[in-house]
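> Fold the following for me, if possible:
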Amino acid sequence: MTQIVATFYKFVPLSDLNQLRARLQSYCVSEGIKGTILLATEGINGTISGTRSQIDNTLAHLRSQQPFADLRHRESTAQDTPFKRLKVKIKKEIVTLGKPEINPNEKVGTYVSPQDWNGLIQDPEVTVIDTRNGYEVDIGTFKRAIDPRTHHFREFPQYVTRNLDPGKHQKIAMFCTGGIRCEKASAYLLSQGFKEVYHLQGGILNYLEQIDPEESLWEGDCFVFDERVALAHELTETHYRMCRGCGHPINAVDKASPHYEEGVSCPYCYDRLTPEKKERLSRRRPLI
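So this is what the prediction gives:
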């Protein structure tokens, strides 16, 4: 059955997280929702899936609560449920920069709509930065974008310290999957003395949904953190699958490699996995 996948986040001060978590957990279970919702004192971040009515009811329930009254969400579809279970968690940050003092509720960069994004990133005076991890960038990114080659978002501050200078990089434009990472990254850059900081509103998914492929400056596909693995323009599913050993997206070429073992390892991790982990993954592999 076709599933609706809804993604949302909002930086908003929250309190009584344990009570909020319990209420959300109970409601989502009653609706049959699957996915992940993260809560922190800085806000909420979630990706959930369900039927049309389940998603509509859950979003209405969220918006009935004052902190989330104006909560925005994005939608796409999946042929089957992209999540195996529901997780509602309390975290220090809803996206982990490792700098909890950075608060997008206080100050963020300038939002740029998908319609205005092409013009901005084609300006030679603008430094364009992909704030996602290296394995995400590998399967798709914007023209002219710099890949920091981070493995985790919390490495981004180190990249800034080593590679960016407020005096030299006076205009910076950033993007990420749904907007949350570059929103927090923009707050961090402003705290470090950068003056003109821009970020793509709604992230890559918003851009791929709204911009005609013939006008697009996006090259490749967009990695997503669920069983669909990657989406293309108009948020359609692609041919990518995910390696169970390391989480790296894999395509037909990767599967043809002698280092690929279905459900266990791929060319990106075959020499890094311990024999014990390979054995565990092999035992979990479904029999055909």
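> Could you point out the longest helix of this structure?
Secondary structure of the chain per DSSP state H: the longest helix is helix 17-31.
> now that one, how far from the centre of its chain.
23 Å (CA atoms, centre = their mean, to the nearest Å).
> same check, this time on stretch 80-97
Taking mean C-alpha positions (CA atoms, centre = their mean), stretch 80-97 and its chain are 11 Å apart.
> What residues of that stretch count as buried?
For stretch 80-97, the buried set under the neighbour-count rule, 16 or more other CB atoms under 10 Å, comprises 81-83, 86, 88, 93-97. All C-beta atoms are positioned from the backbone trio N, CA, C, and that covers glycine.
> How is the chain partitioned into domains?
According to automatic domain parsing, the chain comprises the domains 3-90, 110-219, 242-284.
> Using JSON lines, lay out those domains together with mean pLDDT.
Converted to JSON lines, these look like this (pLDDT from 0 to 100):
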{"stretch": "domain 3-90", "mean pLDDT": "96"}
{"stretch": "domain 110-219", "mean pLDDT": "96"}
{"stretch": "domain 242-284", "mean pLDDT": "89"}
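> circling back to that earlier point, and of the buried residues of stretch 80-97, the nearest to Ser15?
Nearest to Ser15 among the buried residues of stretch 80-97: Ile94, at 14.7 Å, using CB to CB.
> How about the closest one: what's its closest non-neighbour residue?
Closest residue in space to Ile94, ignoring its immediate chain neighbours: Asn45 at 3.8 Å, by CB to CB, 6 or more residues apart in numbering.
> so who does that neighbour touch?
By CB atoms under 8 Å, 6 or more residues apart in numbering, Asn45 lies in contact with 8-9, 37-38, 94-95, 180.
> I'd like the next helix or strand past the helix or strand that it is a member of.
Using DSSP states H and E, Asn45 maps to strand 43-50. Next in sequence after strand 43-50, counting helices and strands by DSSP H and E, comes helix 52-63.
> How far off centre is that following helix?
Relative to the chain's own centre, helix 52-63 is displaced by 21 Å; criterion: CA atoms, centre = their mean.
> Who are the packing partners of it?
Here helix 52-63 touches strand 3-11, helix 17-31, strand 43-50, going by 3 or more CB pairs under 8 Å, 6 or more residues apart in numbering; DSSP states H and E.
> ok, 10 Å please
Counting contacts by 3 or more CB pairs under 10 Å, 6 or more residues apart in numbering; DSSP states H and E, helix 52-63 packs against strand 3-11, helix 17-31, strand 34-40, strand 43-50, strand 73-78.
> got those as CSV, with distance to Gly140 columns?
Shown next, in CSV, are the helices and strands packed on helix 52-63 (distance: least, CB to CB, whole Å):
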stretch, distance to Gly140
strand 3-11, 17
helix 17-31, 31
strand 34-40, 23
strand 43-50, 19
strand 73-78, 15
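> residues in contact with the closest residue in space to Gln170 that isn't next to it in sequence?
What sits nearest to Gln170 in space, not counting adjacent residues and going by CB to CB, 6+ apart, is Glu196, at 6.0 Å. Residues near Glu196 by CB atoms under 10 Å, 6 or more residues apart in numbering: 109-110, 125-126, 166, 169-173, 189-190.
> what is Glu196 paired to in the beta sheet?
Note on Glu196: beta-bridge partners by DSSP bridges are Lys171.
> Can you show me the helices along this structure?
Remark: helices assigned in the chain by DSSP H are 17-31, 52-63, 114-121, 134-137, 156-163, 180-191, 203-210, 252-255, 275-284.
> Give me the distance from the third one to the chain's centre.
Going by CA atoms, centre = their mean, the spacing between the C-alpha centre of helix 114-121 and its chain's C-alpha centre is 20 Å.
> and if you look at the last one?
Taking CA atoms, centre = their mean, one finds helix 275-284 lying 28 Å from the centre of the chain it belongs to.
> number of nearby residues for His151?
For His151, the neighbour count with other CB atoms under 10 Å is 9.
> Contact partners for it?
Listed by CB under 10 Å, 6+ apart, the contact partners of His151 are 133-135.
> Just the buried ones among those, please.
By 16+ other CB under 10 Å, those give Asn133 as buried.
> List only buried entries from the contacts of Glu196.
Judged by 16+ other CB under 10 Å, buried ones among the contacts of Glu196: 109, 126, 169, 171-173, 189-190.
> and those residues as a markdown table, adding distance to Arg162?
Below are these laid out as a markdown table (distance: CB to CB, whole Å):
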| residue | distance to Arg162 |
| --- | --- |
| Gly109 | 21 |
| Val126 | 20 |
| His169 | 13 |
| Lys171 | 20 |
| Ile172 | 15 |
| Ala173 | 19 |
| Leu189 | 14 |
| Leu190 | 19 |
